[in-house]
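In: Predicted model and sequence follow; I will ask about them next.
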Amino acid sequence: MAGDEKLSPDAFAALQARVKQQSLKAQAYYTVMHEVRRVLGSDDAASAWMEQPQPALGGKSAAQAVGEGRTDEVLAHVRSLKG
């Protein structure tokens, strides 16, 4: 898209919706990441765990599950690790 072209109102609304969706996914990821860090004790351990397949999440990683909108399920699993 050239710099002098304008977005139609519909295109602009679609862009806003995509940005909002990505922002919500990022917030969910960092909410889970913060909880994992509390359980595991470090950012490095939490980052590694977020990418590992988890049997409790159907073999998907926590990052994948969060990306699918399963944040509450992932948080419940993380909290079960504390005990």
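Out: Here it is on my side, so go on. What you are looking at is a predicted structure, and each value in this text was computed from that prediction instead of being measured. Numbering: from 1, shown residues only.

In: and the gap between the most centrally placed residue in the chain and V39?
Out: Computing the C-alpha centroid of the chain and ranking residues by Cα atoms, centre = their mean puts Y29 first, at 3.0 Å. As for Y29, its distance to V39 is 16 Å (criterion: Cβ to Cβ, to the nearest Å). All C-beta spots, glycine's among them, are computed from the backbone N, C-alpha and C.

In: Who are the contact partners of the nearest residue to S47 once chain neighbours are set aside?
Out: Spatial nearest neighbour of S47, chain neighbours left out: M33 (7.6 Å); criterion: Cβ to Cβ, 6 or more residues apart in numbering. For M33, the contacting residues are A46, S47, M50, by Cβ atoms under 8 Å, 6 or more residues apart in numbering.

In: Show me which of the residues you listed are buried.
Out: Neighbour counting with 16 or more other Cβ atoms under 10 Å marks A46, M50 as buried within the contacts of M33.

In: Identify, from the contacts of M33, the entry nearest to P9.
Out: M50 (37.9 Å; Cβ to Cβ).

In: Tell me which helix or strand that closest one sits in.
Out: Element membership for M50, per DSSP states H and E: helix 43-51.

In: Can you give me the buried ones in the lowest-mean-pLDDT helix or strand in the chain?
Out: Lowest mean confidence among the helices and strands of the chain (mean pLDDT, DSSP states H and E): helix 9-40, at a mean of 92. Using 16+ other Cβ under 10 Å as the test for burial, helix 9-40 gives A28, Y29, V32, M33, E35, V36, R37, L40.

In: cool, stretch 47-57 as well?
Out: W49, M50, Q54, L57.

In: How about residues contacting stretch 59-74?
Out: 25, 28-29, 31-32, 36, 49-54, 57-58, 77-78.

In: Let me know the closest of the residues you listed to F12.
Out: K25 (20.7 Å).

In: Excluding sequence neighbours, find me the nearest residue to that closest one.
Out: K25 sits nearest to G67 (Cβ to Cβ, 6+ apart), 6.3 Å away.

In: Then G58?
Out: A65 (7.9 Å).
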